[in-house]
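**Q** how would this look folded up:
(one chain, ligands or ions: 1)
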Amino acid sequence: METVVSGIRPTGNLHLGNYFGAIKNFIRMQEEYNCFFFIADYHSLTTHPTPQDLHGNVKQVLVEYLATGIDPEKATLYIQSDLPETAELYLLLNMNAYMGELERVTTFKEKARKQPNNVNAGLLTYPSLMAADIIIHKANKVPVGKDQEQHLEMTRTFARRFNRMYNTEFFPEPSAFNFGDNLIKIPGLDGSGKMGKSEGEGNAVFLAEDPKSIRKKIMRAVTDAGPAEPNAPKAEPIENLFSLLKVVSTQETVDYFEEQYNTCNIRYGDLKKQLAEDVIQFTTPLRERILEVAANEQYLSKVAKMGAEKARESSAKTVKEAREIIGFRSF
Ligand code: TYM
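**A** Below is the predicted model:
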C-alpha cells in the first residue's frame, strides 16, 4: 500500500484554503492509503511564536483535524516535535542541501521580505525539514495545495541526491497529489493572491468562524464596476469569488451567476450573499464539531500519544537504516 504524508503549520485557526487545498484530500486518502498527518510545530518556530501561542495553536490544529473527519484509528495523526527522528534526518539532509538552491525557493524569498529582521537559518532550511517530514515515512504521495509544489520538488531533489550519493534506492521520490486533478489554490477575499492567515484580517474565512463574521467578511470582499460587455473576461477579484463559489456551492448556483455575469446582469451583492450563505452552510457543522472536540481534553491527549507511538515506529526504522547507509555503525 502506498504511503501518504502531509502536515499543517500551527499558526492559528484553519481556513477554507487549508480545507480545500489539503484536508479534504486527507479525509479521502485515509480510506485508501497508509496515511501520516501531522502538525508541523517545528516549522512554526521560524516565525518565533510565544510558548503559549505555540501550544494553543498545536491544540487548535489537532482539534480541527479531528473535527473535519480525520480518524486517528485509520490515519496516524501526530505532532511533528514528538518525533526527534525528524530533527535528526533534517540534520543529515542539511549536509547535502546547498545555499544557492535554498535561497532560490520562492517561499524563502517571500518570508525574507516579510520578516526582514528575522531571516533565520530555519527559514532557509525550511525545505529540508519538510523533506525530512515526508521521506522519514518513505512517502509516495503528499496531498497539499498549489503553494507547496516547489517544496515537493525540493523533497524529490533531496531524496534523489541521497540515493545517488550512497548508490541506493532507499528513499522514494514523492509527488504532490490531488487525486489526478491539478493542485488547488483557494483565493483570499482581498482581491488577489491566496487565502492565508498572514495575508491580513479579512482575507481568510476560518472553519471555526461564526456566521455573522463570515457574512461581514464576504460582503466586504473586493469587486469591480461590473462587466463592460457580454462575456467579458473576469478581473482577478471576481474570478476569485467565482472560485470560492465553485468549492462551496452547487453547480446550479455557479451556472446561474456565470450566466448573470455573461449577460451583464450580475449584482455582486447577490453573489456575495449567496456565497456567504453557502460558506456558512458548509462551515456550521464543522464549527459545532470543533467546539465539541476542543472540550474533550482527555481524548486529545489519547490521540496525541497514540499518534506519536505509531509515527515513531516508522520514523525510527528509517533513521536507523539511513544512519547505517551513511556509515554510522556501531563497533
Ligand atoms: P501550511 O500550514 O501553510 O498549509 C497547510 C496546507 O494547506 C494548504 N493551503 C492552501 N491550499 C490551497 N489554497 C490556499 N489558499 C491554501 N492555503 C494553505 C497548503 O498547501 C498545505 O497543504 N510547509 C507546509 C507544512 C508542511 C508539510 C510538510 C506539508 C510541513 N511539512 C510535509 C506536507 C508535507 C505549510 O506551511 O503548509
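**Q** could I get the CA-only coordinates of stretch 287-306 as CSV?
**A** Extracted C-alpha coordinates of stretch 287-306, given in CSV (Å, rounded to 0.1, in the frame of the first residue of the first chain):
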residue,chain,number,x,y,z
ARG,A,287,-17.8,24.7,13.8
GLU,A,288,-20.1,22.7,16.1
ARG,A,289,-17.7,19.7,15.9
ILE,A,290,-14.7,21.8,16.6
LEU,A,291,-16.3,23.1,19.9
GLU,A,292,-17.3,19.6,20.9
VAL,A,293,-13.8,18.1,20.2
ALA,A,294,-12.0,21.0,21.9
ALA,A,295,-13.9,20.3,25.1
ASN,A,296,-12.6,16.7,25.3
GLU,A,297,-9.0,17.2,26.6
GLN,A,298,-8.7,13.5,27.6
TYR,A,299,-9.5,12.4,24.0
LEU,A,300,-7.0,14.9,22.6
SER,A,301,-4.2,13.6,24.9
LYS,A,302,-5.0,10.0,24.0
VAL,A,303,-4.9,10.8,20.3
ALA,A,304,-1.6,12.6,20.5
LYS,A,305,0.0,9.8,22.5
MET,A,306,-1.2,7.1,20.2
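**Q** give me the residues contacting it.
**A** Stretch 287-306 has contacts (C-beta atoms under 8 Å, 6 or more residues apart in numbering) with 59-60, 62-64, 66-68, 72, 77-79, 82, 207-210. (Glycine included, C-beta is placed from N, CA and C.)
**Q** any idea how far that stretch is from the chain center?
**A** Remark: stretch 287-306 is offset 20 Å from the chain centroid, using C-alpha atoms, centre = their mean, to the nearest Å.
**Q** check which residues of that stretch are buried.
**A** By neighbour count, with 16 or more other C-beta atoms under 10 Å as the criterion, the buried positions of stretch 287-306 are 287, 289-290, 293-294, 300, 303-304.
**Q** same deal with stretch 60-80?
**A** Residues of stretch 60-80 classed as buried: 60-68, 70, 72, 74-80 (neighbour count, 16+ other C-beta under 10 Å).
**Q** and stretch 109-126, C-alpha only, in CSV?
**A** Coordinates of the C-alpha atoms in stretch 109-126 are reproduced here as CSV (Å, rounded to 0.1, in the frame of the first residue of the first chain):
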residue,chain,number,x,y,z
LYS,A,109,12.3,34.9,-0.7
GLU,A,110,8.8,35.9,0.3
LYS,A,111,9.4,35.3,4.0
ALA,A,112,12.7,37.1,4.0
ARG,A,113,10.8,40.1,2.5
LYS,A,114,8.0,39.9,5.1
GLN,A,115,10.2,39.4,8.1
PRO,A,116,13.5,41.2,7.3
ASN,A,117,14.6,41.3,10.9
ASN,A,118,14.2,37.5,11.3
VAL,A,119,15.7,35.8,8.3
ASN,A,120,16.8,32.8,10.4
ALA,A,121,18.5,29.5,9.3
GLY,A,122,15.2,27.7,9.9
LEU,A,123,13.6,29.7,7.2
LEU,A,124,16.3,29.0,4.8
THR,A,125,16.3,25.3,5.5
TYR,A,126,12.5,25.0,5.7
